[in-house]
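Peer 1: Structure of the sequence below:
(one chain, ligands or ions: 1)
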Amino acid sequence: MIEATELSDMLTDYFVPFLGKKLGSPEASFQAEENDNNLKVIIYLSFPMDMKFLEDDIRKYLSARKFETTKPLSFEIKFKISAYGNTNSQPISGVKNIIAIASGKGGVGKSTIANGIARTLVNFGVKVALLDADIYGPSQPLMQSILGEKATSDDGKFINPISRDGLQVMSIGFLVDEKSAVAWRGPMATSALLQLLNQTKWGDIDFLIIDLPPGTGDIQLTLGQKIPVSGSVIVTTPQEIALLDVRRGIEMFKKVNIPLLGIIENLNLFTCPNCGHEEPLFGCDGGKSLAENENLQLCGSIPIDRELQESVDKGDYNYFSRESKTQEIFKEITSNIAAKLCSLGKNPKSIFPEIKVEKV
Ligand code: ADP
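Peer 2: The predicted structure follows:
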């Protein structure tokens, strides 16, 4: 057991990426095991990240500390995802965490990013669903390559989400055509969305990503109050006008007591494919200074990426499984959001179910 003890001692000083806490803390417990032939570390992580990245990072840390072993060293990383935050209302059955992806205005890449986060979470190995709540322009059916499909129901009460390569998808676009949804007024739109959320047969989900409609009007406010959102993320471009809209979004989430997990800056740099020159077409570092001023985390900045645009717009979500510089950024963003959510602590509403007193 000598090597396992030495290894354990060294690992308790290792800072877990994105979490900012050391291995051995409640969010990242571990044990080192040893037998005659092997040395093994088992890590129980309360939030997901790229397992290979974590293992490589720990191996680098150990070799920098000159850890030596005579036996092969292996790692097993297990995710133990709970319900986090303190939601406005009781969590929805079958769904541990809801993360709302919002934007102050349309066209900043909110749906692309909701798609990227959901797909990256699937790749990390947790159970994920995506609800397209963008009532006036549902784009997830296209992005998930299920355009034209209709949701079905087994019992006439609950609707089955459509599953594609590990992601459960539900969209307002499955139930109504775009033309009739556009004519809906606020209360109609919110009640349709709430129904969609509550009457979908979600199958044991760790993270439900909601692609909210753009803006900060009544629909978004009511949804924020009525949906048990664990945390929200705001997508912006670096321009000042987008940032003004974002400030309104920040105020809205504060008003309804939904924790803001951070900001994502999209379309921040364009790299010329011919000469490699980088140009901030939509301004520079706006999201960074906004995050600093508002005391929020900048979860990441995504460059203008033609391959991302082409893939997403034709429903090739496998883009998010292919290695690229942009996908590395998506992994970083997704891990940052998940770690931030986990740092909010366990949701007391899911630990202590609401007690209903009924007359008999
Ligand atoms: P929103 O949901 O905010 O209205 P979308 O996600 O639908 O925005 O994106 C609008 C358009 O911008 C889409 O054609 C999408 O492919 C493209 N797009 C989004 N992010 C990027 C990016 N980082 N690089 C290139 N194109 C992008």
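
Peer 1: what residues does the stretch 101-250 of the chain put near the ligand?
Peer 2: 103, 106-112, 139, 214 (Cβ under 6 Å from any ligand atom). Placement of C-beta: from N, CA and C, glycine included.

Peer 1: among the residues you listed, which are in strands?
Peer 2: Among these, DSSP state E puts Ser103 in strands.

Peer 1: out of the residues of the stretch 101-250 of the chain next to the ligand, which are buried?
Peer 2: Buried by 16 or more other Cβ atoms under 10 Å: 103, 108-112, 139, 214, out of those.

Peer 1: wait, isn't Arg164 in contact with Gln144?
Peer 2: Yes: between Arg164 and Gln144 there is a contact under Cβ atoms under 8 Å: 5.3 Å.

Peer 1: quick one: Ala4 is in a helix?
Peer 2: Yes: per DSSP: H, G, I helix; E, B strand; the rest coil, Ala4 lies within a helix segment.

Peer 1: Next one, pLDDT for the closest residue in space to it that isn't next to it in sequence please.
Peer 2: In this structure, Ala4 finds its nearest non-sequential neighbour in Glu34, 3.8 Å apart by Cβ to Cβ, 6 or more residues apart in numbering. With respect to pLDDT, Glu34 scores 90.

Peer 1: What of the one 10 residues further on?
Peer 2: Looking at Tyr44, its pLDDT reads 98.

Peer 1: closest to Ala4 among the buried ones among the residues of the stretch 101-250 of the chain next to the ligand?
Peer 2: Thr112 (45.3 Å; Cβ to Cβ).

Peer 1: re earlier: would you convert the buried ones among the residues of the stretch 101-250 of the chain next to the ligand into TSV that also reports pLDDT?
Peer 2: TSV is the format used below for those (pLDDT from 0 to 100):
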residue	pLDDT
Ser103	93
Val108	93
Gly109	95
Lys110	96
Ser111	96
Thr112	98
Ser139	90
Pro214	90
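
Peer 1: Pick the one among those residues closest to Trp202.
Peer 2: The closest of these, once distances to Trp202 are taken by Cβ to Cβ, is Ser111, at 20.0 Å.

Peer 1: wait, that closest one sits on Asp211?
Peer 2: Yes: with contact defined as Cβ under 8 Å, Ser111 and Asp211 form a contacting pair (5.3 Å).

Peer 1: Common neighbours of the two, please.
Peer 2: Both Ser111 and Asp211 are contacted by 132, 134, 139-140, under the criterion Cβ atoms under 8 Å, 6 or more residues apart in numbering.

Peer 1: any idea which of these is least confident?
Peer 2: Where pLDDT dips furthest among these: Asp134, at 84.

Peer 1: in what helix or strand does that one lie?
Peer 2: Per DSSP states H and E, Asp134 falls between elements, in no helix or strand.

Peer 1: Hmm, it is touching Leu193, no?
Peer 2: No: Asp134 lies out of contact with Leu193 (Cβ under 8 Å); the separation is 9.8 Å.

Peer 1: joint contacts of these two?
Peer 2: Ile172.

Peer 1: Leaving out the residues flanking it, which one is nearest to whichever residue of the stretch 201-350 of the chain sits closest to the ligand?
Peer 2: Closest approach between the stretch 201-350 of the chain and the ligand, counting by Cβ to the nearest ligand atom: Gln309, at 3.3 Å. Distances taken as Cβ to Cβ, 6+ apart place Thr112 nearest to Gln309, at 7.9 Å, with adjacent residues excluded.

Peer 1: Tell me how many other residues surround the residue of the stretch 201-350 of the chain closest to the ligand.
Peer 2: Neighbourhood size, Gln309 [other Cβ atoms under 10 Å]: 14.

Peer 1: any idea how far Gly116 is from it?
Peer 2: In this view, Gln309 and Gly116 are 12 Å apart by Cβ to Cβ, to the nearest Å.
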